[in-house]
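J.: Kindly return the folded structure for what I paste below:
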Amino acid sequence: MSTISTALRNFKEPTKEQLTHIFFSAPNSVPSNGGEKNPADEIEKMDINAVLSLGVQGEEDAYAGKLYIMAPYLAFASLDRKSVRFTIPLSTIRRVERLNARAGIYALSLSTWHGSKIIVQLTSLRPTADLFCSLLRDALKVELQRGQMRAVKGFVKTCYSEQLVSTTSTVADNEREDGSLISEEKDDPSPRESTYHGGLGLKFKFPGDPKKLREASKIKLWTQYLRVHGRNLTLLRYPQCTRLVQVGLPNRLRGEMWETLSGSVYLRFSNPGYYQELLEKNAGRTTTSTEDIEKDLHRSLPEYAGYQSEEGISALRRVLQAYSFKNPELGYCQAMNILAAAILIYMSEEQAFWLLEVLCDRLLPGYYAPSMHGTLLDQRVFEALVQRCLPIIHDHFQEVDVQLSVASLPWFLSLYINSMPMIFAFRIVDCFFCMGPKVLFQINGEKLLQIQDDGGFLNLMRDYFASLGESAHPTSPDPRARAITRFQELLLVSFREFSVITDDMILSERRRFRSEIIHSIESFSKRSAIRNLKTLGRFSKDQAGLIYDALYKAICLVPPPPDAIPPPALVATGDVGTEEKPETRIQLRTFQYFLSEIATWARDERIVSNGFQRRIDREIAEHEFIDRLFFFWDTACRGALSFQDLISGLDGVMFNDLMENIEWFFNLHDKNKDGFLTKDEVLTLSETFLFIFRYEVGDAYLGAVSRFMTNAFEYGDALQPPSDEPPQTNEQGGETPPSLPTNQPYLNLATFRMVVLADEVLESFFETDLSASFRLEPLPEMELPVSSSGLLGDIWSTIATDNNKKMFNMFTDEIGKTIGKHQVIHRPSIGRYTKLEEPKARESLLTPSMRHSASKSSLSSVVSTETTTKTAVSTVSPSTTSTLSVDVNVPGKGSLPSAASGFSSLPMLHAAALMERTPFAIDDAKDDEDESDSELSAGENDDQVMDEVDAFLEAHDSGLTDADKEVAKDLIHAEPVK
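T.: The predicted structure follows:
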């Protein structure tokens, strides 16, 4: 059993628009009710140069940057991309006014739902500013029509920050010092009901000592910030916000700030009730993911009191199952339970569900996929960054053969939650949501030069993480220095010394190592698939690997439809009650591509020369024989083939001798498996011969098929018992014996074997050529899609497409036809005969005493099916003269005539009926040598950017001159235009 996935090869670098959405933590598209097209998507996106200032005198400096319309969001980022930014839904903007400022100043005043006043000075040309304002007006109208502005009031009531900044709120009276709720009665442990969302910590308390964590001071600082700079949907992220996050979020506010900083709050706002509907829709549903979830529930932060109760376990189960239902391709992956359990301490189930969506899809893509390719890629990036930033440690690790990934893999997978005390891990998670994934690469340890092996490395890191709460300078005489913990020093060193690690650098390293990681994962998947086979048959592991390569290439070209549940077998094959594991199975179209890589007759190869280029065009052959082979190998009657089915099927033909091949070919065409071929099946078998021999040189194979058909019907009639029906009178006045129905048993295996062995060409085909036509050859390594980098990369990726290459080939072919140099040679499938030979005269297999009468009577039914046979043959023959060029004159080489030049089934059948020499049309043969194909080449192979966010301790440049700052101050007091 094996699951083969090609998803890694489908990776595409994010576009500039997608990078902008990622930077501002804005969803790419917001679905509208009923699944209809969102009108906001039709609003054109635009950005404009602007200067941002708060409408409060002396509260914040003005910052130059860019203002973006990404309906249904309005976003701003300062020039350095780190000092100031915000993303607010347009539905939270209550008023937009143009200010009456100095001459030449174009300024707008934006009033938000929470009463904040944002002043934006548009510094672009007047027509650009007018266009921006027009788009902003249209986008606001759309939000008003959608009713999103009415939804804001109900949504903000679910946010704790609304109660925190309210001067009349009594929420603090109902909370303990750590932020958990106080129950109304001592005997009742359940907390009071509240309209705002919260996690398990409200009932089971939050980790850590609130006094040591300075919860009261943090709440005070955040209350002051949120009151001035907006909150939840309208939060403005000034430099002070980043500093407060690094100091540590207060327990009670942590969940809301996580969803605000990550952008999951916008998904929760845009999809009210979706989480509950998803659970109700899938109630009672059982999948492989739900079974894996059940196994890990009690291993998810078991030390926390909330997960020692059924309430916490049930909440964790619902969140993980809901995500697996929403994203069935990903489902559930190891370590996802740790992540969900941690965020449920601070967030409600709905909040945790949407944050998990953002984590797995945007912030940590590929971390929680079945192959964990995102984690493995970042491990490789982490090693490269250690080599660049800490070369001494890297060299020491190389010397003692210590693998960084032994310890760092759990760090990245669990965001340090499983590796260090929770109170410190959550501080890192705070920074992660605020500043992005680069935080994971900046955290580092010490005393690493003392380790000698992997075990020592693990023990050192475990001891270091356990001591993070201790003083970093315990012997210092300064009490303030003694108060600094190791964790505080770790953060300070990480963000100050490793500020050189930027998002740009991480993305660049990911692009650099992506191919290496993908090839490594694919190689491991290949070994696993071969190891999981029930039997290799007579193949070696290397040969099975070549079959896997052909299958993988076919799946890349024609991916099988995704099936969450394997299709049930049509016929019971034993093992009743045993649940099968998911297994990749290919359907007929993918099988055709797979077989074209294995069998020479399953593909059409044309050597094309047009005076400008010489190339080999390959197309997938389509014929009833390939369909028949597909269902012949489908022994489980599923309508799809697994890797094991392909191994077993090829094993049944590639190692056969003469008699085994004849029997295999016979059974393949014996539809009802009764040991006999009917007349129709004999005709179908002859059409299979014509398909396999369609491009062979000369008429030797066609003559062999003609003799086979005549002998088969002649001998089949001779072995039939005498009929009781009276003979029929033909047109010449003679008597003709009654013909046998075409669907009755006609030819058995022994007779078929005798007819085949009577012909030297067919005997040679079954003895060696049939098995040899299945060729296991190493395939060229499939190249991954090239990541576009820069302007030239984008231009090349636009030009070098498959459609453009086909158009270029067609163009050169037409020119070649015009100048008379267009030549096409079909490469034969068997290739035994390399020159033209006269077909041998047929000798009857019957003695005169064995014949009931002239065999014309038995072939009358064959002639009656002339139209069907002619149609079947015509499907084999190429249909255009441009690909049937027979006289190919290549200097120093021979000429290969086309095998299908005007061949029809009608003359062949008449000749068989008259028992005369078959009148095939044979072109003049040349004495030159055959053209060598080894000198021909198969054609040429096809040969972002996150913005830099520096550490928060660096100076912030507003990008404005003193004169610009004076203008921004004047706008604060400017009146609206009347």
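J.: For residue 126, give me its contacts.
T.: Each residue near residue 126 by C-beta atoms under 8 Å, 6 or more residues apart in numbering is listed here: residue 106. No exception for glycine: its C-beta is placed from N, CA and C like everyone else's.
J.: and the longest helix anywhere in the chain, what does it pack onto?
T.: With secondary structure taken from DSSP state H, the chain has its longest helix at helix 503-531. If you count contacts as 3 or more C-beta pairs under 8 Å, 6 or more residues apart in numbering; DSSP states H and E, helix 503-531 packs onto helix 373-389, helix 438-442, helix 541-557.
J.: would you turn those into a markdown table with mean neighbour count, distance to residue 87 and mean pLDDT?
T.: Listed next are these as a markdown table, based on neighbours: other C-beta atoms under 10 Å; distance: least, C-beta to C-beta, whole Å; pLDDT from 0 to 100:
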| stretch | mean neighbour count | distance to residue 87 | mean pLDDT |
| --- | --- | --- | --- |
| helix 373-389 | 20 | 24 | 88 |
| helix 438-442 | 22 | 19 | 75 |
| helix 541-557 | 19 | 38 | 91 |
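J.: if we can go back for a sec, now the angle between helix 541-557 and the longest helix of the chain, please.
T.: 130 degrees (axes from the mean of the first three to the mean of the last three C-alpha atoms, to 10 degrees).
J.: Could you quantify the relative orientation of helix 503-531 and helix 373-389 as an angle?
T.: Using the same axes, to 10 degrees, helix 503-531 lies at 130 degrees relative to helix 373-389.
J.: buried residues in helix 503-531?
T.: Residues of helix 503-531 classed as buried by neighbour count (16 or more other C-beta atoms under 10 Å): 503, 505-507, 509-510, 513-514, 517-518, 521-522, 525-526, 529-530.
J.: so, if you compare those residues, which one comes nearest to residue 663?
T.: Nearest to residue 663 among those: residue 530, at 28.9 Å, using C-beta to C-beta.
J.: Look up how far residue 554 lies from the nearest residue to the closest one once chain neighbours are set aside.
T.: Nearest residue to residue 530, sequence neighbours excluded (C-beta to C-beta, 6 or more residues apart in numbering): residue 544, at 5.0 Å. Distance, residue 544 to residue 554, by C-beta to C-beta, to the nearest Å: 16 Å.
J.: quick one on the thing from earlier: contact partners for the residue nearest to residue 530?
T.: 530, 533, 536, 647.
J.: And residue 586, by the same measure?
T.: 551, 554-555, 560, 594, 640-641.
J.: Could you dump these into JSON lines and include distance to residue 774?
T.: Listed next are the contacts of residue 586 as JSON lines, based on distance: C-beta to C-beta, whole Å:
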{"residue": "551", "distance to residue 774": "14"}
{"residue": "554", "distance to residue 774": "15"}
{"residue": "555", "distance to residue 774": "19"}
{"residue": "560", "distance to residue 774": "22"}
{"residue": "594", "distance to residue 774": "12"}
{"residue": "640", "distance to residue 774": "21"}
{"residue": "641", "distance to residue 774": "16"}
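J.: between those residues, which is nearest residue 374?
T.: Once C-beta to C-beta is applied, the member of those that ends up nearest residue 374 is residue 555, at 21.5 Å.
J.: which one of the contacts of residue 544 has the most neighbours?
T.: Highest neighbour count within the contacts of residue 544: residue 647, with 24 neighbours (other C-beta atoms under 10 Å).
J.: Is it correct that that one is in contact with residue 534?
T.: No. Here residue 647 does not reach residue 534: they are 9.0 Å apart, not a contact under C-beta atoms under 8 Å.
J.: Show me where the stretch 1-150 of the chain has its strands.
T.: 46-54, 63-70, 73-78, 85-89, 93-98, 106-112, 117-122 (DSSP state E, counting those that start in this stretch).
J.: list the helices and strands the last one packs on?
T.: Yep, that's strand 117-122 we're talking about. Against strand 117-122 (3+ C-beta pairs under 8 Å, 6+ apart) you get strand 46-54, strand 106-112, helix 126-146, helix 962-972.
J.: Switch these over to CSV; also include mean pLDDT and distance to residue 373.
T.: Below are the helices and strands packed on strand 117-122 laid out as CSV (pLDDT from 0 to 100; distance: least, C-beta to C-beta, whole Å):
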stretch, mean pLDDT, distance to residue 373
strand 46-54, 92, 33
strand 106-112, 91, 41
helix 126-146, 91, 38
helix 962-972, 79, 47
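J.: right, and those - which one's nearest residue 469?
T.: Per C-beta to C-beta, nearest to residue 469 of those: strand 46-54, 37.9 Å.
J.: Residues touching the closest one, excluding its own?
T.: So strand 46-54 is contacted by 60-69, 76, 78, 84, 116-124, 128-129, 131-132, 135, 228-229, 236, 960, 964, 967-969, 971-972 (C-beta under 8 Å, 6+ apart).
J.: Try it again at 7 Å.
T.: 60, 62-69, 76, 84, 118-124, 128-129, 132, 135, 960, 964, 968, 971-972 (C-beta atoms under 7 Å, 6 or more residues apart in numbering).
J.: What does the pLDDT read for residue 659?
T.: For residue 659, the model assigns a pLDDT of 93.
J.: How far does stretch 512-528 sit from its chain's centre?
T.: How far stretch 512-528 lies from its chain's middle: 14 Å, per C-alpha atoms, centre = their mean, to the nearest Å.
J.: So which helix or strand of this protein has the lowest pLDDT on average?
T.: Least confident helix or strand of the chain, by mean pLDDT, DSSP states H and E, is helix 905-914 with a mean of 35.
J.: Kindly list the main-chain dihedrals of residue 826?
T.: phi -90, psi 130 (degrees, to the nearest 10).
J.: Quick check: buried residues in the host helix or strand of residue 276?
T.: Per DSSP states H and E: residue 276 is located in helix 274-281. Using 16+ other C-beta under 10 Å as the test for burial, helix 274-281 gives 274-275, 278-279.
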